[in-house]
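Q: can you look at this prediction? I've put the sequence above it.
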Amino acid sequence: MKGARLLLLAAVPVIATASVYLLAPEDSGAGGAGPDLSSAYRSQAAQDAEGAQGAKAWAERSEGSAEANSAEDKAVIADLPPGLAAPAKKELAQQLVASAENSTLDWRSAYAYIEDIGDGQGYTAGIIGFCTGTNDLLTLVEGYTKAHPGNGLATYLPALRAVDGTDSHEGLDPGFTAAWKAEARVKAFQKAQDTARDRVYFDPAVRLAKLDGLGALGQFVYYDAMVFHGPGTDPTSFYGLRERALQKSDSPTEGGSEKAYLGTFLDLREDAMRSRDADIDTTRVDTAQRRFLDDGNLDLRTPLEWRVYGETFRVP
């Protein structure tokens, strides 16, 4: 089984959503945070920027690998319960991520979000933080324009190509932010954001978690780590964290305890967060995911209550 771990590493590349009742956080003023990133996440994003540079592009380049799409793995997954891929669980996953990144359960409010948060990646935008400096925003707009020529962002493609890999706004200011917000009202662009998020973050995380024998909680643990740390292979990015966890603890697929393995993964994740900032706020792990784990809620059953960055959130 040890040799098989490397075969799973490259599994990279998608989330159809279903509506459920969204309950506002107890302390946050009923969802008024909107699409804005929390101040804690802003500082974390800035600390994470250097290590995350190019990780999203790396993930997309890896998408077509034979290992990632092996018929054997697909057959294994086809026989498993949907887990986090079930519509209601997918919705819950987005609410959990949004509580940490946007201080709200209304994750759809972030379609129109766009801001330079000072992390060296240019503009950060949309539901998963696409960046003008890290290729993923450019890739999103290119694909969207191919399917929908003449959209409100198409005229910015030359500028987006020019600033890719930098924090520059040249050719984007002053109109790009307004154009993004306007286009975010278009259903087709919202769907394009969903598809890009799913392909790079959600699907590969859930897929690998299933292959590791993890239930819905473990699948979310992988997904949130993919979002926060990026889909890179260095020791503090998602694929590197997973490989290190598998070296330290047997996954359920290897006969290990699911709770013990997830504890190891979360320990390594917190260490990775603190390696870039010793004072970083780790509550998205400590008082959310680890709380669910300590409660034995491996299926991520609702109702749920958790705290992130001092705010309490509940989903019935």
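A: Done, it's in. Numbers count the residues shown, from 1 in each chain.
Q: quick one, strands of this protein?
A: Here the chain has its strands, by DSSP state E, at 114-115, 124-125, 130-131, 304-308, 311-315.
Q: quick one: strands adjacent to the fourth one?
A: Taking DSSP bridges as the criterion, strand 304-308 pairs within the sheet with strand 311-315 (antiparallel).
Q: got the CA positions of the strand it pairs with in PDB?
A: Coordinates of each C-alpha in strand 311-315 appear next as PDB, following Å, rounded to 0.1, in the frame of the first residue of the first chain:
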ATOM      1  CA  GLU A 311     -18.000  34.400  15.000                       C
ATOM      2  CA  THR A 312     -20.600  31.600  15.700                       C
ATOM      3  CA  PHE A 313     -22.300  30.000  12.800                       C
ATOM      4  CA  ARG A 314     -25.200  27.500  12.700                       C
ATOM      5  CA  VAL A 315     -26.700  25.300  10.000                       C
END
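Q: heads up, I number from 420, so please use that
A: Got it, first residue is 420 now, which makes that one strand 730-734.
Q: returning to what we had before: mean neighbour count and mean pLDDT added to the strands of the chain, as CSV?
A: Yep, even glycine has a C-beta here, placed from its N, CA and C like the rest. Output for these, formatted as CSV (neighbours: other C-beta atoms under 10 Å; pLDDT from 0 to 100):
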stretch, mean neighbour count, mean pLDDT
strand 533-534, 17, 95
strand 543-544, 26, 93
strand 549-550, 26, 92
strand 723-727, 20, 97
strand 730-734, 18, 98
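Q: out of those, which gets nearest to residue 491?
A: strand 549-550 (32.9 Å; C-beta to C-beta).
Q: give me the helices and strands touching the closest one, please.
A: strand 543-544, helix 555-566 (3 or more C-beta pairs under 8 Å, 6 or more residues apart in numbering; DSSP states H and E).
Q: distance from the chain centre to it, please.
A: Its chain's C-alpha centre and that of strand 549-550 lie 12 Å apart, by C-alpha atoms, centre = their mean, to the nearest Å.
Q: looking at the helices and strands packed on strand 549-550, which has the lowest confidence?
A: Looking at these, the lowest mean pLDDT belongs to strand 543-544 (a mean of 93).
Q: quick one: strands adjacent to it?
A: Sheet partners by DSSP bridges: for strand 543-544, these are strand 533-534 (antiparallel), strand 549-550 (antiparallel).
Q: can you tell me the closest non-neighbouring residue to residue 499?
A: residue 629 (5.3 Å; C-beta to C-beta, 6 or more residues apart in numbering).
Q: quick one: the helices in the stretch 570-719 of the chain, in order.
A: 576-582, 595-602, 606-616, 622-630, 635-648, 657-667, 677-695, 702-703, 709-713 (DSSP state H, counting those that start in this stretch).
Q: run through who's touching the third one.
A: What it means is helix 606-616. Residues outside helix 606-616 that contact it (C-beta atoms under 8 Å, 6 or more residues apart in numbering): 433-436, 527, 530, 545-547, 549, 555, 558-559, 562-563, 566-567, 570, 572, 602-603.
Q: hmm, which of these are the buried ones?
A: For those, a burial check counting by 16 or more other C-beta atoms under 10 Å picks out 433-434, 436, 527, 530, 545-547, 549, 555, 558-559, 563, 567, 570, 572, 602-603.
Q: hmm, back to that, so which of the helices and strands packed on strand 549-550 comes closest to residue 576?
A: Once the helices and strands packed on strand 549-550 are compared by C-beta to C-beta, helix 555-566 is nearest, at 6.3 Å.
Q: pull the CA atoms of the closest one into PDB?
A: Extracted C-alpha coordinates of helix 555-566, given in PDB (Å, rounded to 0.1, in the frame of the first residue of the first chain):
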ATOM      1  CA  ASP A 555      -6.700  31.200 -12.700                       C
ATOM      2  CA  LEU A 556      -8.700  34.400 -13.300                       C
ATOM      3  CA  LEU A 557      -7.300  34.700 -16.800                       C
ATOM      4  CA  THR A 558      -8.200  31.100 -17.500                       C
ATOM      5  CA  LEU A 559     -11.700  31.600 -16.200                       C
ATOM      6  CA  VAL A 560     -12.300  34.700 -18.400                       C
ATOM      7  CA  GLU A 561     -10.800  33.000 -21.400                       C
ATOM      8  CA  GLY A 562     -13.000  30.000 -21.100                       C
ATOM      9  CA  TYR A 563     -16.100  32.000 -20.400                       C
ATOM     10  CA  THR A 564     -15.400  34.300 -23.400                       C
ATOM     11  CA  LYS A 565     -15.000  31.300 -25.700                       C
ATOM     12  CA  ALA A 566     -18.400  30.100 -24.700                       C
END
